[in-house]
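*Asks:* below is the sequence, then the predicted model.
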Amino acid sequence: MTGRIFTADHQVYDLPALLEWNVTLTGAVPCDSFSVTFLYQKEMAEPLHLAAGFAAIENGEVMLRGIVDEYTVELGKDGMTATICGRGYAARLLDNESRPVTYQGATLAEIIRCHVTPYGISCGALQDVAADSVYTVAAGTSQWKALENFCRTYGGFSPRFARDGRLLAAPESGWTHRVIGEDDPVLACTLREDHYGVLSEVLVIDKKRNASYSVKNQDWINRGGQCRRVVYTPGQSTWADMRYTGEYQIEQSRKEEKELSVTLAGGFPAFPGDRITLELQRMGVSGVFQVTEAENRFSVKDGATATLTLRECE
């Protein structure tokens, strides 16, 4: 892998050969992140001081583009080394707050123009979405939350970032499918099922009309689950709005109920959003899963490994 930095004065530098690297891809929040270590040369002092952007390039393909948060230079038993750490472009939206604003009949293109474009982020995919009601961004809301809430509420999807740093403000598409079975180089596999916080019922109450709507997670109730939440809406909500609010709360609570992590030899076997058919009969694990995080590591001593975090496809 080649590490490339972009300085605040618009210079581009390729880093010396990397001794270690860690590239973790999520596509959304928490951010993509990276850490690279290389032999330090004194000529790198000024470029490191001015480093603002970073790209990880593998076989000519950009695996991650992000911002530089930190660098360290260390003199130790292995000589002088430097380490650069940072996050993906979602960090630009998370780190900046929006002023309070109310939109009437806003479109997704308008939200991106006001909350995304000013931070140097280009859009690689844009769904035609418009609000059918007033959309309000409260004081203290991050630019990411202003964008994500609009996409979820009016488009039914979550925005995400491509590996080259472009925003994908459209439903998920273009993912690949891979099969992982007993013959693949699986180094480790962990299955975790966590019921804490999984909702059995959401009671949505419209305070102005004194009306309520109950949404139940019958599958979890049948397995003995009992965890109710009461959610108040600001008023004048339709039954469809109330049902959506309850269903959304339940779906969010179920997202991390069952999770698998699989570690493979080699780097970048799959990316967030990809589908994995897993057939590990030794563990009694099989099914189709979605990659939510891909952590890729390399060191001169241990070589390359990749850990995929998987969740069951809906």
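*Replies:* Yep, that arrived.
*Asks:* lowest average confidence, helix or strand, in the protein?
*Replies:* Across the helices and strands of the chain, mean pLDDT, DSSP states H and E gives its lowest value to helix 239-254, namely a mean of 74.
*Asks:* which residues does the very next helix or strand once past that helix contact?
*Replies:* Using DSSP states H and E, the helix or strand that directly follows helix 239-254 along the chain is strand 258-265. Under the contact criterion Cβ atoms under 8 Å, 6 or more residues apart in numbering, strand 258-265 has outside partners 180, 184-194, 276, 278, 285, 289, 303-312. Where you see a C-beta, it was placed from the backbone N, CA and C, and this is true even at glycine.
*Asks:* so which of the residues you listed sit within strands?
*Replies:* Applying DSSP state E to the contacts of strand 258-265, the entries found in strands are 180, 186-193, 276, 278, 285, 289, 303-312.
*Asks:* so what's Glu74 closest to, chain neighbours aside?
*Replies:* Thr81 (5.5 Å; Cβ to Cβ, 6 or more residues apart in numbering).
*Asks:* that neighbour bridge partners, please.
*Replies:* Residues in a beta bridge with Thr81, per DSSP bridges, are Leu39, Glu74.
*Asks:* how close does it sit to Ser158?
*Replies:* Distance, Thr81 to Ser158, by Cβ to Cβ, to the nearest Å: 38 Å.
*Asks:* element containing Pro47?
*Replies:* Of the helices and strands defined by DSSP H and E, Pro47 is found in helix 45-50.
*Asks:* how big is the angle separating the helix or strand just after that helix from strand 303-312?
*Replies:* Read in the C-terminal direction, the helix or strand following helix 45-50 is strand 51-58, with elements assigned using DSSP H and E. Relative orientation of strand 51-58 with respect to strand 303-312: 90 degrees, computed using axes from the mean of the first three to the mean of the last three Cα atoms, to 10 degrees.
*Asks:* show me which positions of strand 51-58 end up buried.
*Replies:* Taking 16 or more other Cβ atoms under 10 Å as the basis for neighbour counts, the residues of strand 51-58 that come out buried are 51, 53-56, 58.
*Asks:* tell me the strands beside that strand, with direction?
*Replies:* Under the criterion DSSP bridges, strand 51-58 sits next to strand 2-7 (antiparallel), strand 61-76 (antiparallel) in its sheet.
*Asks:* picking up where we left off before, the residue nearest to Glu74 and Tyr71 touch, don't they?
*Replies:* No: with contact defined as Cβ atoms under 8 Å, Thr81 and Tyr71 do not form a contacting pair (11.1 Å).
*Asks:* does Arg92 sit in a helix, a strand or a coil?
*Replies:* Arg92 carries the three-state label helix when classified by DSSP: H, G, I helix; E, B strand; the rest coil.
*Asks:* so it sits against Ser122, correct?
*Replies:* No: under the criterion of Cβ under 8 Å, Arg92 is not in contact with Ser122, lying 11.8 Å apart.
*Asks:* between these two, point out the one with more neighbours.
*Replies:* Regarding Arg92 and Ser122, a neighbour count based on other Cβ atoms under 10 Å identifies Arg92 as having more, with 21 against 12.
*Asks:* list the residues that contact the closest residue to that one other than its chain neighbours.
*Replies:* In space, not counting the residues next to it along the chain, Arg92 is nearest to Tyr119; the distance is 4.4 Å by Cβ to Cβ, 6+ apart. Residues touching Tyr119, when contacts are defined by Cβ under 8 Å, 6+ apart, comprise 92-93, 96, 143.
*Asks:* turn these into JSON lines, including distance to Gly105 and pLDDT.
*Replies:* Converted to JSON lines, those look like this (distance: Cβ to Cβ, whole Å; pLDDT from 0 to 100):
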{"residue": "Arg92", "distance to Gly105": "27", "pLDDT": "97"}
{"residue": "Leu93", "distance to Gly105": "23", "pLDDT": "97"}
{"residue": "Asn96", "distance to Gly105": "25", "pLDDT": "97"}
{"residue": "Gln143", "distance to Gly105": "21", "pLDDT": "98"}
